[in-house]
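Engineer: 3D model of this:
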Amino acid sequence: MFEALTNKLGEVFRGLGGRGRITETNVRDAMRQVRTALLEADVNFVVVKDFSEKVVQKALGAKVIESLHPGQVMIKIVYDELISLMGPVDSQIYFVSPGPTVVLLAGLQGSGKTTTAAKLANLLLKKGKHPLLVADDLQRPAAIEQLKTLGAQLGLPVYSEDGQDPVRVALNGVRHARQDGRDVVILDTAGRLHIDQNMMAEIRRLCEAVQPHQIYLVCDAMTGQDAVNSAKEFNDALELDGIILTKLDGDARGGAALSVKAVTGKPIKFVGLGEKLDRLEEFHPDRMASRILGMGDVVSLVEKAQEQYSVEEAADLQAKMVKGEFTFDDFLKQMQSMRRMGGIKDVLKLLPGIGGQVAGLDVDEHDVRHMEAIVHSMTAQERRRPEIIDASRRRRIARGSGADPTDVSSLVKTFEQSRQMMKALGGMGLMGRMKALKTMGSLDLFSGKLPDLHVRQRPKRRKLDRKRKKRSR
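Structural biologist: Modelled structure (predicted):
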């Protein structure tokens with residue numbers, strides 16, 4: 001989402017490199033470009049102006065200490081101000097005792113409230129809660145059925161009624177949750193326009209009757225400044241507790257994320273980063289600021305990895321790599337875990353120095369599924385001992401996976417080389433591993449540059465090409 005902004009900010013900071021001191025001239029020149037980049041990212045004009053002035057005031061006269069360059073000093077100042085702009089944020093939901101805790105979701109039409117209600121319920125499930133979804137959107141056709149379908153995917157009950165009074169449905173839903181021992185109620189209300197006074201009056205009556213403990217506004221990040229304007233209107237009417245930004249993984253420019261807290265005074269609590277029900281995350285201003293500046297988000301990456309691997313599993317996998325016992329079964333688990341973490345591109349975006357380069361990378365998730373299909377077509381013995389895969393086995397595996405025998409051969413060969421490399425690296429110390437990786441042309445972690453990958457043409461193909469050239473002569 002912030003790729004364009006990240007790239008422009010990177011250019012600005014690189015332009016400050018090599019100077020011994022930050023002067024008023026180069027600070028103001030740099031901030032003029034930063035201001036332009038923020039406005040192009042659809043950040044609120046007043047927010048941009050205030051942000052720029054604060055950065056200039058902090059940067060003027062700042063000395064370059066020790067080994068820091070002016071660009072690094074400016075990055076630190078901008079980073080701190082970005083955190084201040086979007087935070088502080090307490091993403092924790094405070095639960096009442098005795099329950100249930102009532103959470104009401106409001107928002108514009110088409111902002112994704114129903115899906116977000118299910119995502120929030122899934123997040124609470126992981127925290128050990130027992131939520132109840134209440135289908136209180138009585139305006140949109142099929143909204144109730146959609147919530148029931150999503151609830152069934154999570155194994156959660158959904159309370160609904162055939163009626164036209166959302167206040168009565170909400171009150172009965174809370175009563176049902178109390179009787180059923182549910183500790184959280186999530187109310188999915190009807191979408192409305194902030195200019196529709198009748199609908200706004202209806203949700204005010206709903207809040208007065210139910211007295212929800214938390215009111216969250218669901219905003220579509222793709223709508224940019226309109227999301228900020230609607231958030232202000234809803235906050236004036238309902239007194240929001242926080243905002244949930246959806247579709248933050250889209251191609252929007254990011255203005256809503258950077259503006260909404262400053263304009264409304266209400267923090268972003270959660271962000272939606274995809275369509276799947278596990279793609280709702282707590283919002284952390286420091287991590288978002290780090291991503292915007294191209295510094296990655298290692299903390300989020302570690303948290304994602306911890307959801308997929310236990311400490312024991314990670315230790316067992318490392319031991320297999322060191323011993324050269326890494327099998328295709330282990331490889332398959334790695335690919336499946338990577339997909340559950342959001343895919344290869346999503347993981348690369350969180351790595352320092354790489355996030356800004358991901359957009360230009362040709363990473364086709366279809367290729368990953370293609371490799372998985374090849375592995376699935378292998379027998380258990382072939383997965384454990386890929387060296388036994390001869391020509392006839394390659395043909396059988398290719399038929400079973402819809403691949404070409406050369407694809408199977410290439411995957412097996414690459415896998416064997418990787419396994420030998422992991423075994424060799426396992427016997428080295430840290431410095432030895434780093435030198436070996438540099439020698440092999442692997443990723444330079446310090447420059448943040450990806451290696452150029454060249455596919456070597458097969459000898460048979462080269463011979464055919466030479467024959468064709470002779471014929472043409």
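Engineer: roughly how far is the helix or strand that contains Val169 from the heart of the chain?
Structural biologist: Per DSSP states H and E: Val169 is located in helix 166-180. Remark: helix 166-180 is offset 34 Å from the chain centroid, using C-alpha atoms, centre = their mean, to the nearest Å.
Engineer: Likewise for stretch 172-192?
Structural biologist: With C-alpha atoms, centre = their mean, you get 29 Å for stretch 172-192.
Engineer: Just the CA trace of it, in PDB.
Structural biologist: C-alpha atoms of stretch 172-192 as PDB (Å, rounded to 0.1, in the frame of the first residue of the first chain):
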ATOM      1  CA  ASN A 172     -32.400 -10.100  22.000                       C
ATOM      2  CA  GLY A 173     -28.900 -11.000  20.700                       C
ATOM      3  CA  VAL A 174     -27.200  -9.700  23.900                       C
ATOM      4  CA  ARG A 175     -29.800 -11.600  26.000                       C
ATOM      5  CA  HIS A 176     -29.200 -14.800  24.100                       C
ATOM      6  CA  ALA A 177     -25.400 -14.400  24.500                       C
ATOM      7  CA  ARG A 178     -25.800 -14.100  28.300                       C
ATOM      8  CA  GLN A 179     -28.000 -17.200  28.400                       C
ATOM      9  CA  ASP A 180     -25.700 -19.200  26.200                       C
ATOM     10  CA  GLY A 181     -22.500 -18.300  28.200                       C
ATOM     11  CA  ARG A 182     -20.900 -16.200  25.500                       C
ATOM     12  CA  ASP A 183     -18.500 -13.600  26.800                       C
ATOM     13  CA  VAL A 184     -18.400 -11.300  23.700                       C
ATOM     14  CA  VAL A 185     -21.100 -10.000  21.400                       C
ATOM     15  CA  ILE A 186     -20.200  -8.600  18.000                       C
ATOM     16  CA  LEU A 187     -23.000  -6.600  16.400                       C
ATOM     17  CA  ASP A 188     -22.900  -6.300  12.600                       C
ATOM     18  CA  THR A 189     -25.000  -3.300  11.900                       C
ATOM     19  CA  ALA A 190     -26.300  -2.000   8.600                       C
ATOM     20  CA  GLY A 191     -24.100   0.200   6.300                       C
ATOM     21  CA  ARG A 192     -25.100   3.800   6.000                       C
END
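Engineer: mind listing what's buried in it?
Structural biologist: For stretch 172-192, the buried set under the neighbour-count rule, 16 or more other C-beta atoms under 10 Å, comprises 172-174, 176-177, 182-192. C-beta: built from backbone N, CA, C; applies to glycine.
Engineer: just these now: which is nearest Arg14?
Structural biologist: Nearest to Arg14 among these: Gly191, at 44.0 Å, using C-beta to C-beta.
Engineer: ok so, going back, run through the neighbouring helices and strands of the helix holding Val169.
Structural biologist: Judged by 3 or more C-beta pairs under 8 Å, 6 or more residues apart in numbering; DSSP states H and E, helix 166-180 is in contact with strand 131-136, strand 158-159, strand 184-189, helix 197-210.
Engineer: Tabulate those in CSV, adding columns for mean pLDDT and distance to Met371.
Structural biologist: As requested, the helices and strands packed on helix 166-180 are exported to CSV (pLDDT from 0 to 100; distance: least, C-beta to C-beta, whole Å):
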stretch, mean pLDDT, distance to Met371
strand 131-136, 95, 38
strand 158-159, 95, 38
strand 184-189, 95, 39
helix 197-210, 88, 50
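Engineer: and of the ones you listed, who's closest to Gln420?
Structural biologist: strand 131-136 (49.3 Å).
Engineer: The closest one: what's the following helix or strand?
Structural biologist: Past strand 131-136, further along toward the C-terminus, the next helix or strand under DSSP H and E is helix 143-154.
Engineer: ok, and what's touching that following helix?
Structural biologist: If you take C-beta atoms under 8 Å, 6 or more residues apart in numbering as the criterion, helix 143-154 is touched by 114-115, 117-118, 121-122, 125, 133, 135, 137-138, 157-158, 160, 188, 190, 277.
Engineer: ok, now which ones touch the nearest residue to Glu161 once chain neighbours are set aside?
Structural biologist: Leaving aside its chain neighbours, Glu161 sits nearest to Val169 (5.0 Å; criterion: C-beta to C-beta, 6 or more residues apart in numbering). Residues in contact with Val169 (C-beta under 8 Å, 6+ apart) are Val134, Ala135, Asp136, Leu138, Tyr159, Ser160, Glu161, Gly163.
Engineer: count of neighbours near Gln420?
Structural biologist: Close neighbours of Gln420, defined as other C-beta atoms under 10 Å, add up to 11.
Engineer: For it, which residues are in contact?
Structural biologist: Here Gln420 is in contact with Gly324 (C-beta under 8 Å, 6+ apart).
Engineer: The helix holding Val169 vs helix 143-154, what angle?
Structural biologist: Relative orientation of helix 166-180 versus helix 143-154 (axes from the mean of the first three to the mean of the last three C-alpha atoms, to 10 degrees): 20 degrees.
Engineer: and helix 166-180, average pLDDT?
Structural biologist: Per-region confidence: helix 166-180 scores 93 on mean pLDDT.
Engineer: quick revisit: for the helices and strands packed on helix 166-180, which one sits closest to Asp329?
Structural biologist: Nearest to Asp329 among the helices and strands packed on helix 166-180 is strand 131-136; the distance by C-beta to C-beta comes to 36.0 Å.
Engineer: measure the closest residue to Gly324 other than its chain neighbours to Leu411 for me?
Structural biologist: Residue nearest to Gly324 in three dimensions, not counting chain neighbours: Lys423, with 3.7 Å by C-beta to C-beta, 6+ apart. Distance, Lys423 to Leu411, by C-beta to C-beta, to the nearest Å: 19 Å.
Engineer: higher neighbour count, these two?
Structural biologist: Leu411 (22 against 16).
Engineer: Surely that one is in contact with Ile374?
Structural biologist: Yes: look at Leu411 against Ile374 with C-beta atoms under 8 Å: they come within range, at 5.7 Å.
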